[in-house]
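Novice: From the sequence below, what's the structure:
(chains A and B)
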Amino acid sequence: MLFDPQIFFEQLFNPAYLWGALLSISVAVCSLLIATIIGFFLAVGRTSKKVYVSAPSALYVWFFRALPALLVLLIMWNALPQLIPALRADWYSPFIAASIGLGLVEAAFMAEIIRSALNSVDEGQELAARALGMKPASVMLKVVLPQAIRTALPPTGNEFIGLIKYSSLASVISLRELLTTAQIGVNITFRYAEYYTVAIMYYLVIVTIITLIQNRVEKKFLWTSRGVKKTIRPVTMNTRAIASLKMIGITPKGAKA
Amino acid sequence: MSTIALDTAVIPTLQVRDLHKAYHGNEVLKGVEFAVNKGQVKAVLGPSGSGKSTMLRLMALLEPADRGQIVLNGTRIGASDHSGKILHHAEGKLAVQRRDIGMVFQKFNLFPHLTAVENVMIGLTNVQKVPKPEARERAYDMLTKVGLADRDSHFPSELSGGQQQRVAIARALILNPQVMLFDEPTSALDPELVGEVLEVMEDLAAAGMTMIVVTHEVRFARRAADEVTLFDGGVIVEQAAPEEFFENPQHERTKKFLSHVH
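Specialist: From the prediction side, this is the model:
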């Protein structure tokens, strides 16, 4: 059984894959949004001097960093509806369970990214904003956060790509995302090579588009009036690389202008 | 200088009384008494670590004092006393009080994600709720006053240190503060850029702005200050008019300090 290009191209333009890809992207977007919002409060909470604020934040990060995402998804879909009757209703779909489940796990990682990004903003910035008479919320929103976002962007792009791939775990809770779509096709036809190659193509296209969008967004954070002059591509590092750099005393910056 | 007879009637624009501050048990301010009157320019000299920058931060309400009072135009700000214990105001209330006090930092602390004109505008739009078009116009005028009209759309990273510090001065000035505090405004600058910043500050002094300037610039203290103060070991050692201070210092400590800077 050789690679049959005809089957490959048939499947490449099969709407089921497109739907699967859209589902994967949607789950990743929703869970990243959830993770960023929770992660922001966790990050702010962990830097708090009040123990009753910082301790729960640290506990959350410890707990969800330890659990495999797969286990969290299974709990979200199988265990929680048994405990909470409201979750047996129709609105509680695999999509919602997957988005929340992955969002909760990802929040623990986003918290660390956001925390180090907030830390990377020079303390003189907050001082200057306060000296102008800005209220604490304005100091955060207008001065500290825009600068922290610049640092957080590259690792967040990595996490987003990770989430696209993690969304395939949602197959265990019967979400027909991209990889599940391929697997279902394979189970019927046994054309492994063709169907998996189609999945590869889709993942490549998705990640390429994400990378392009990320580059565009990062350019907005170059803060130079001469537009896009000599653009040095920011080095994209994953969280582990950043953590190891931090251990030797280097705080990596997201982008270099 | 106002006459001595009048002094009792004049309420200082900004005054500190018996100011104390310690970091990790290390006492930086040991009961400082200091005041600046309306239109007066006070230069504060002293070796690093003498507490002069700390006094400025406390005056700007950026850090709480351990003991003592900060008084703006006769009204105590930053804290109140409750049965002998100092009670600091909440950050929201402090933010409102800070609007009357302008602060310029050694390292400029411009907001790198905003252009020069946006840096100057932000106090108007965010703090005084001035509509954006009007704020931009006024910020542009202020940049013109510090000689940077042609740099309005540049980001801080595209400006020289001297230009950045002039933007920082404009940013503080636009809120029309009652007093301007300068924390070693030229110490982070290359020598050839010091002049342009001092020039702006001298213009400001000539225009009648009330100023406290912590500096190492003896030249500025001589030319623009009404009074020069020497800080050492968390207390004020000597305070006198510039001619007196530099030509005829009374204290041994001042003589020693001046022999090092001259």
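Novice: Quick check: B:Ala22 is in a strand.
Specialist: Yes: counting by DSSP: H, G, I helix; E, B strand; the rest coil, B:Ala22 is located in a strand.
Novice: The residue nearest to it when sequence neighbours are not counted - how many residues pack around it?
Specialist: Closest residue to B:Ala22 apart from its sequence neighbours, by C-beta to C-beta, 6 or more residues apart in numbering or on different chains: B:Asp66 at 5.9 Å. The C-beta positions use only the backbone N, C-alpha and C, and glycine is treated the same way. As a burial measure, B:Asp66 scores 15 neighbours (other C-beta atoms under 10 Å in any protein chain shown).
Novice: For residue 57, give me its contacts.
Specialist: With no chain named, the answer covers chain A. A:Ser57 makes contacts with A:41-43, A:45-46, A:48, A:111, as judged by C-beta atoms under 8 Å, 6 or more residues apart in numbering or on different chains.
Novice: wait, I meant chain B there
Specialist: Counting by C-beta under 8 Å, 6+ apart, B:Arg57 touches B:63, B:183.
Novice: go on, the one 5 residues further on?
Specialist: With C-beta under 8 Å, 6+ apart as the criterion, the residues that contact B:Leu62 are A:127, A:130-131, B:98, B:103.
Novice: most surrounded residue in those?
Specialist: Neighbour tally across those (other C-beta under 10 Å): the maximum, 29 neighbours, falls on A:Ala131.
Novice: Tell me who's in contact with that one.
Specialist: Contact analysis of A:Ala131 by C-beta under 8 Å, 6+ apart lists B:60, B:62, B:98, B:101-103, B:105, B:172.
Novice: run the last query once more with 10 Å
Specialist: A:124, B:57, B:60-62, B:95, B:98-99, B:101-105, B:109, B:123, B:171-172, B:175, B:177, B:181, B:183 (C-beta atoms under 10 Å, 6 or more residues apart in numbering or on different chains).
Novice: Tell me which of those fall in helices.
Specialist: A:124, B:57, B:95, B:98, B:171-172 (DSSP state H).
Novice: hmm, back to that, in helices only, show me the contacts of A:Ser57.
Specialist: Among the contacts of A:Ser57, the members falling in helices (DSSP H) are A:41-43, A:45-46, A:111.
Novice: re earlier: so which pair among the contacts of A:Ser57 is furthest apart in space?
Specialist: Largest separation among those by C-beta to C-beta: A:Ser48 and A:Ala111, giving 12.8 Å.
Novice: Of those two, which one has the most company?
Specialist: A:Ala111 (27 against 12).
Novice: Check the gap between the more buried one and A:Leu118 for me.
Specialist: 10 Å (C-beta to C-beta, to the nearest Å).
Novice: Kindly report the same for A:Ser168.
Specialist: Distance of A:Ser168 to A:Leu118, computed by C-beta to C-beta: 32 Å.
Novice: Make a PyMOL selection of the buried ones in the contacts of A:Ala131.
Specialist: Applying 16 or more other C-beta atoms under 10 Å in any protein chain shown to those, the buried members can be selected in PyMOL as follows:
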select buried, chain B and resi 57+60+61+62+95+98+99+101+102+103+104+105+109+123+171+172+175+177+181+183
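Novice: Residue 114 in helix, strand or coil?
Specialist: Because you didn't say which chain, this covers chain A. Three-state assignment for A:Ile114 (three-state DSSP): helix.
Novice: my bad, the chain I had in mind was chain B
Specialist: Classified using three-state DSSP, B:Leu114 is coil.
Novice: Identify the residues contacting it.
Specialist: Residues near B:Leu114 by C-beta under 10 Å, 6+ apart: A:142-143, A:146, A:223, B:120-122, B:155-156, B:167, B:171.
Novice: So what does it have for phi and psi?
Specialist: With angles defined as degrees, to the nearest 10, B:Leu114 sits at phi -120, psi 150.
Novice: Report the distance from stretch A:177-194 to the chain centre.
Specialist: Relative to its parent chain, stretch A:177-194 has a centroid offset of 26 Å by C-alpha atoms, centre = their mean, to the nearest Å.
Novice: buried ones in it?
Specialist: Applying a neighbour-count criterion of 16+ other C-beta under 10 Å, the buried positions in stretch A:177-194 are A:177-183, A:185-186, A:191, A:194.
Novice: Equivalent analysis for stretch A:20-27, please.
Specialist: For stretch A:20-27, burial by neighbour count (16+ other C-beta under 10 Å) applies to A:20-21, A:23-25, A:27.
Novice: Just the closest of the residues you listed to chain B, please.
Specialist: Using C-beta to the nearest C-beta, A:Ile25 comes nearest to chain B of the buried residues of stretch A:20-27, at 29.1 Å.
Novice: now do the same end-to-end measure for stretch B:212-231.
Specialist: By C-alpha to C-alpha, to the nearest Å, the extent of stretch B:212-231 from end to end equals 13 Å.
Novice: ok, now stretch B:28-45?
Specialist: Termini of stretch B:28-45 sit 15 Å apart (C-alpha to C-alpha).
Novice: May I see the buried residues of it?
Specialist: In stretch B:28-45, counting by 16+ other C-beta under 10 Å, buried: B:28-29, B:32, B:34-38, B:40-45.
Novice: that older thread, now the ones in helices among the contacts of A:Ala131 in TSV, please, with extra columns for distance to B:Glu137 and pLDDT.
Specialist: Converted to TSV, these look like this (distance: C-beta to C-beta, whole Å; pLDDT from 0 to 100):
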residue	distance to B:Glu137	pLDDT
A:Gly124	28	96
B:Arg57	32	95
B:Ala95	25	95
B:Arg98	24	96
B:Arg171	16	97
B:Ala172	18	97
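Novice: Identify the contacts common to A:Ala111 and A:Leu118.
Specialist: When C-beta under 10 Å, 6+ apart defines a contact, the residues bordering A:Ala111 and A:Leu118 alike are A:40, A:43-44, A:46.
Novice: give me every residue that touches the residue positioned nearest the centre of chain A.
Specialist: Chain A has A:Phe160 as the residue nearest its centroid, 3.3 Å off, counting by C-alpha atoms, centre = their mean. Contacts for A:Phe160 (C-beta under 10 Å, 6+ apart) come out as A:25, A:28-29, A:31-32, A:35, A:106, A:207, A:210, A:213-214.
Novice: Quick check: the farthest pair among the contacts of B:Leu62?
Specialist: A:Leu127 and B:Arg98 (11.0 Å).
Novice: so what sits against both of those two?
Specialist: Residues touching both A:Leu127 and B:Arg98 (C-beta under 10 Å, 6+ apart): B:60, B:62.
Novice: Buried ones in stretch A:33-40, by neighbour count?
Specialist: Residues A:34-36, A:38-40 are the ones in stretch A:33-40 that count as buried (16+ other C-beta under 10 Å).
Novice: Tabulate those (CSV), appending pLDDT, secondary structure and distance to chain B.
Specialist: Output for those, formatted as CSV (pLDDT from 0 to 100; DSSP: H, G, I helix; E, B strand; the rest coil; distance: C-beta to the nearest C-beta, whole Å):
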residue, pLDDT, secondary structure, distance to chain B
A:Ile34, 97, helix, 26
A:Ala35, 97, helix, 24
A:Thr36, 97, helix, 19
A:Ile38, 97, helix, 25
A:Gly39, 97, helix, 21
A:Phe40, 95, helix, 18
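Novice: sorry, back to before: most neighbours out of the contacts of A:Phe160, which is it?
Specialist: Highest neighbour count within the contacts of A:Phe160: A:Ala35, with 29 neighbours (other C-beta under 10 Å).
Novice: So what does B:Gly74 look like in phi/psi?
Specialist: Dihedral pair for B:Gly74: phi 90, psi -10, per degrees, to the nearest 10.
Novice: next one: the one 4 residues further on
Specialist: Main-chain torsions, B:Gly78, degrees, to the nearest 10: phi 90, psi -30.
Novice: Neighbours of it, how many?
Specialist: B:Gly78: 24 neighbours (other C-beta under 10 Å).
Novice: and what of B:Gln250?
Specialist: 13.
Novice: Model confidence at B:Thr8, what's the number?
Specialist: At B:Thr8, the pLDDT value in this model is 54.
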